[in-house]
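[1] Quick one: sequence and predicted model below, then my questions.
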Amino acid sequence: MNISLDIYSPVQQIKNELFAGKGIEVFIKRDDLIHPIISGNKWRKLKYALKQAQAQNKTHLVTFGGAYSNHLLATAAAAAKFGFKATGIVRGEEVQNDTLFLCKLHGMQLIFTDRDSYRDKQALFNSFFGHDEQAFFIDEGGASAEGAKGVSELVDELTDTYHHIFCACGTGTTAAGIINGLTKHQLSTQFNAIPVLKNGGFMQGEIDRFLTSPTAYSLHLDYHFGGYGKTTPQLIQFIKQFVADTGILIEPIYIGKMLYALYDLAAKDHFAPGSKILAIHSGGIWGLLGMKDKF
Ligand SMILES: *Cc1c(COP(=O)(O)O)cnc(C)c1O
């Protein structure tokens with residue numbers, strides 16, 4: 001099957017008293033609407049990997065993730081849609097949850113592995129599928145140069161220019177892809193990366209390894225709310241208010257943290273009056289299922 005989807009990802013303005021009072025305009029790019037399961041940046045990151053697999057006549061996608069990984073779920077759904085078999089190698093002891101249920105529903109086979117073995121993904125791939133001519137390796141989170149290439153196409157879709165773009169970071173591939181897109185279009189937009197992990201300074205190296213040319217950007221390290229998958233009552237309150245005010249669904253693992261950062265910086269006069277700011281809604285709303293008890 002031809003690996004392409006019509007991308008439906010409109011840009012919408014978010015209006016409220018905070019932004020009006022600061023004289024700034026804030027927009028959100030709805031990558032969450034690209035596909036109900038293969039959410040946002042995961043679709044963009046998988047696109048060229050799937051094309052590569054197809055070109056090499058590989059029929060079996062093998063990838064990696066934690067038990068709540070949006071990437072595992074996106075790969076399961078993309079494999080089903082485009083006619084691949086899929087295996088997910090899951091970090092940690094065997095568990096059941098909503099994400100893994102949906103992975104299995106899309107036909108993904110799951111292999112649980114202990115945390116030590118999980119560190120060396122290539123070794124795991126070789127031990128399970130080294131003899132499978134059909135198997136195709138996709139790294140955890142879709143982190144790769146092809147992944148960044150797919151994401152850079154987001155910038156091709158923009159019909160306006162912005163002073164700032166905001167994006168949540170896990171592996172940094174999405175951030176690198178957008179920065180590469182800005183470079184390609186010779187845009188001077190300030191890119192703002194929000195690592196969702198604690199001690200996110202290492203994200204600079206992760207982003208830089210996929211940049212097509214060295215570029216300056218801002219890393220905001222203080223919006224991890226305790227670390228990956230962690231929340232605080234303050235963050236949850238912000239998310240409830242945001243969803244109720246805008247009708248745009250967001251979750252606490254990525255988008256809640258990124259938007260909290262944007263609102264907080266706006267309140268602290270970080271943006272000059274007249275600034276136009278674009279936030280990337282990279283999707284991930286199935287992540288809400290694992291966080292219901294926090295609300
Ligand atoms: C996976 C994910 C990210 C992180 O993307 P990276 O390319 O790994 O930095 C951001 N937002 C959402 C919704 C995600 O699911």
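    It's in. Numbering: from 1, shown residues only.
[2] okay, CA-based contacts and neighbour counts for the rest of this
    Will do.
[3] for F191, what are its contacts?
    Counting by Cα atoms under 8 Å, 6 or more residues apart in numbering, F191 makes contact with H164, I165, F166, I179, Y217, S218.
[4] go on, T87?
    Contacts of T87 (Cα under 8 Å, 6+ apart): H60, L61, V62, T63, A76, M108, Q109, L110, I111.
[5] what about it, helix or strand, and which?
    strand 85-91 (DSSP states H and E).
[6] Partner strands of that strand, with direction?
    With DSSP bridges as the test, strand 85-91 is paired with strand 60-65 (parallel), strand 109-113 (parallel).
[7] That strand: how far from the chain's middle?
    19 Å (Cα atoms, centre = their mean, to the nearest Å).
[8] Next: stretch 271-283.
    On Cα atoms, centre = their mean, the centre of stretch 271-283 falls 17 Å from the chain's centre.
[9] Mind checking the pLDDT average for that stretch?
    The pLDDT scores in stretch 271-283 average 98.
[10] Send me that stretch as PDB with only the CA atoms.
    What follows is stretch 271-283, C-alpha atoms only, in PDB (Å, rounded to 0.1, in the frame of the first residue of the first chain):
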ATOM      1  CA  PHE A 271       7.300  37.600  24.700                       C
ATOM      2  CA  ALA A 272       7.500  41.000  23.200                       C
ATOM      3  CA  PRO A 273       4.100  42.600  22.500                       C
ATOM      4  CA  GLY A 274       3.200  41.900  18.900                       C
ATOM      5  CA  SER A 275       4.700  38.400  19.000                       C
ATOM      6  CA  LYS A 276       3.100  35.600  17.100                       C
ATOM      7  CA  ILE A 277       3.600  32.200  18.700                       C
ATOM      8  CA  LEU A 278       2.800  28.700  17.300                       C
ATOM      9  CA  ALA A 279       2.400  25.700  19.600                       C
ATOM     10  CA  ILE A 280       2.600  22.200  18.100                       C
ATOM     11  CA  HIS A 281      -0.100  19.800  19.300                       C
ATOM     12  CA  SER A 282       1.900  16.700  18.600                       C
ATOM     13  CA  GLY A 283      -1.000  14.400  19.700                       C
END
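[11] can you pull the buried residues of that stretch?
    Using 16 or more other Cα atoms under 10 Å as the test for burial, stretch 271-283 gives F271, K276, I277, L278, A279, I280, H281, S282, G283.
[12] quick one: which of the residues you listed is nearest to A261?
    Distance to A261, by Cα to Cα, is smallest for A279 among the buried residues of stretch 271-283, at 10.6 Å.
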